[in-house]
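>>> Got a sequence here, can you model it:
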Amino acid sequence: MHSSTTNKKQLFVPFLGMAVLLWVFGCTEPFEGTVEGFEDVLVVDALITNENKRQEVRLTRSFRFDEEGPLAEENANVIIEDGDGEQFIFNEEEPGIYLSSIPFPAETGKTYSLSITTEDGRSYRSDTMQLPTASTKIDELYAERTTNDQGDEGMGIFVDTFDPSRQSNYYRYEYEETFKIIAPFWSPNDVVFVIQLSTGPVFEVILREREERTCYGTDTEKTIEVVNTLNLSEDRLSRYPVRFINRNNYILSHRYSILVRQYVQTPEAFDYYEALKGLSQSPNSVFTEDQPGFLPGNISSVDTEDENIAGFFEVAAVDEKRIFFSYEDFFPGEELPPYVRECNIAPAFGDDLKGMLERENSVLYEFNLGFQMVPRACGDCTALGSNKVPDFWIE
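Numbering: from 1, shown residues only. Sure, this is the predicted structure:
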């Protein structure tokens, strides 16, 4: 049995890990509970790569489990300086999201450090970091119908990569997936409220004015996928599993695309993310007794030696590939996955129909036998995604 003092000390640690994960890496389910020993800390998500682009730094504050999400750290001064003294100024484009004022790539042989000054005058600085000496391409990105270790059937997304110079060694993967959504109970017609009479509300059936049958959803999952090749005979990854999608996941129903980004990391960055992965993916509760101490990154306070800062400033080499496939490619003639929600058809009249239209949670499906309504997501795909075809999309 642990004393309450011990529990309070331990609770702070996993919370900080989860605070970083909820903002930087996402969380599949919200945790409901109370957290003692809460400390308000700056959370830094900073990565610059060898891409010539506007680099990005994200700043938030840690938050309690019972709060809706992180609070953006606004109006900060963010600067990255290289070893030659050149400074890259970052501008706040959205609350807590800072982009470099000009595009620039991280260059081999140069050192970089991150400086942050918050609106209340607190200053922070990172350790000096360098781009890894190697920049390894993704050789192949491909999909296979497979079964995972739990016996679930679905689609596996795999990567092959190889560095003959054996200088890469440390890899991290992220992915962004985009998928076609077709509303199963779409109708070309819509119903609108016209006027309220003493006899009741009056409605009119009109043609829909925008595309609401076919849309495209996008999910960016920043799960922690890290792997090293130090114990292998070659600096090679063959059929490395980046993603598994259960065949019952509706995102597979029609056409699916995934963009995989491969980062070659420094040993310091790899160690940090590997520790963070262990903290976030414990098989038990986030409040397990085997949690380590506060996970320090490479950013510290200039003003206060013992202040905790969550996050890491990383400089990495990156490559990316995208693939497309359709459900029919791997499950020909088989039943589609269940839709993302139940689509019950409900007749509606008078004030009930008016209330549905005011709440915007239902849309018209049929009107020959009165107004037959369905949940909005079942008849209007814009409830789940964008009706604009992505620029990269290929049928």
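>>> Help me confirm that Leu59 comes into contact with Asn75.
No - if you go by Cβ atoms under 8 Å, Leu59 and Asn75 don't touch, sitting 10.1 Å apart. Where C-beta positions appear, they are placed from N, C-alpha and C, glycine not excepted.
>>> Model confidence score at the nearest residue to Arg376 once chain neighbours are set aside, please.
Distances taken as Cβ to Cβ, 6 or more residues apart in numbering place Ala383 nearest to Arg376, at 4.7 Å, with adjacent residues excluded. As predicted, Ala383 sits at a pLDDT of 96.
>>> number of nearby residues for Ala383?
Using other Cβ atoms under 10 Å, Ala383 has 19 neighbouring residues.
>>> Now do the phi/psi pair for it.
Main-chain torsions, Ala383, degrees, to the nearest 10: phi -70, psi -20.
>>> And the one 3 residues further on, by the same measure?
Note on Ser386: backbone dihedrals following degrees, to the nearest 10 are phi -100, psi 140.
>>> Please name the residues that touch it.
By Cβ atoms under 8 Å, 6 or more residues apart in numbering, Ser386 lies in contact with Cys215, Tyr216, Gly217, Thr218.
>>> Ok, Thr218 next?
By Cβ under 8 Å, 6+ apart, the contact set of Thr218 is Glu176, Glu177, Thr178, Gly385, Ser386, Pro390.
>>> With Met356 instead?
Contacts for Met356 (Cβ under 8 Å, 6+ apart) come out as Ala348, Ser362, Met373.
>>> where exactly do the helices run in this structure?
In the chain, the helices defined using DSSP state H lie at 4-20, 267-280, 327-330, 350-359, 376-379.
>>> what comes up buried for the third one?
Looking back up the chat, that one is helix 327-330. Tyr327, Phe330 (16 or more other Cβ atoms under 10 Å).
>>> what comes into contact with that helix?
Residues outside helix 327-330 that contact it (Cβ under 8 Å, 6+ apart): Ala143, Arg145, Met155, Leu252, Ser253, His254, Arg255, Tyr256, Leu336, Pro337.
>>> what's the closest of the contacts of Thr218 to Asp306?
Nearest to Asp306 among these is Glu176, at 38.0 Å by Cβ to Cβ.
>>> Pull the number of nearby residues for the residue lying closest to Glu81 once chain neighbours are set aside.
Spatial nearest neighbour of Glu81, excluding adjacent residues (Cβ to Cβ, 6+ apart): Gln87 at 4.9 Å. For Gln87, the count of nearby residues is 9 (other Cβ under 10 Å).
>>> who touches Gln87 in this structure?
By Cβ under 8 Å, 6+ apart, the contact list for Gln87 reads Ile79, Ile80, Glu81.
>>> ok, so what distance separates it from Thr118?
Here the distance between Gln87 and Thr118 works out to 18 Å (Cβ to Cβ, to the nearest Å).
>>> rewinding a little: distance-wise, check the residue nearest to Glu81 relative to Phe193.
For Gln87, the distance to Phe193 (Cβ to Cβ) stands at 58 Å.
>>> ok, now Met155?
Using Cβ to Cβ, one gets 44 Å for the distance from Met155 to Phe193.
>>> Among these two, which residue is more densely surrounded?
Legend: neighbour count by other Cβ under 10 Å for Met155 and Phe193, higher for Met155 (23 against 14).
>>> Is Glu366 in contact with Gln372, as I believe?
Yes - shown here, Glu366 and Gln372 form a contact pair, counting by Cβ under 8 Å, at 4.2 Å.
>>> if I look at those two, which residues touch both of them?
In contact with both Glu366 and Gln372: Ile345, using Cβ under 8 Å, 6+ apart.
>>> Show me where the stretch 251-395 of the chain dips below the pLDDT cut-off.
280-294 (pLDDT under 70).
>>> residues contacting Thr118?
By Cβ under 8 Å, 6+ apart, the contact set of Thr118 is Leu42, Glu73, Asn75, Ala76, Tyr124.
>>> re earlier: closest to Ser233 among the contacts of Gln87?
After measuring the contacts of Gln87 against Ser233 - Cβ to Cβ - the closest member comes out as Ile80, at 37.8 Å.
>>> ok, the spatially closest residue to that closest one that is not a sequence neighbour - contacts?
Leaving aside its sequence neighbours, Ile80 sits nearest to Phe88 (Cβ to Cβ, 6+ apart; 4.6 Å). Phe88 makes contact with Gln55, Ile79, Ile80, Glu81, Asp82, Ser100, Ser101, Ile102, Phe104 under the criterion Cβ under 8 Å, 6+ apart.
>>> Please list only the buried members of those.
Burial by neighbour count, judged by 16+ other Cβ under 10 Å, picks out Gln55, Ile79, Ile80, Glu81, Asp82, Ser100, Phe104 from the contacts of Phe88.
>>> Please verify my assumption that Gly83 contacts Thr111.
Yes - the criterion here is Cβ under 8 Å, and Gly83 meets it with Thr111 at 3.9 Å.
>>> Common neighbours of those two, please.
Between them, Gly83 and Thr111 share these contacting residues under Cβ under 8 Å, 6+ apart: Thr128.
>>> returning to what we had before: okay if I get the contacts of Thr218 as CSV plus distance to Thr136?
Below are the contacts of Thr218 laid out as CSV (distance: Cβ to Cβ, whole Å):
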residue, distance to Thr136
Glu176, 20
Glu177, 23
Thr178, 25
Gly385, 33
Ser386, 33
Pro390, 27
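>>> Can you flag the buried ones in those residues?
Glu176, Glu177, Thr178, Gly385.
>>> which one of these sits closest to Asn308?
Glu176 (30.8 Å).
>>> which residues does the closest one contact?
Neighbouring residues of Glu176 by Cβ under 8 Å, 6+ apart: Thr218, Asp219, Thr220, Glu221, Ile258, Leu259, Arg261.
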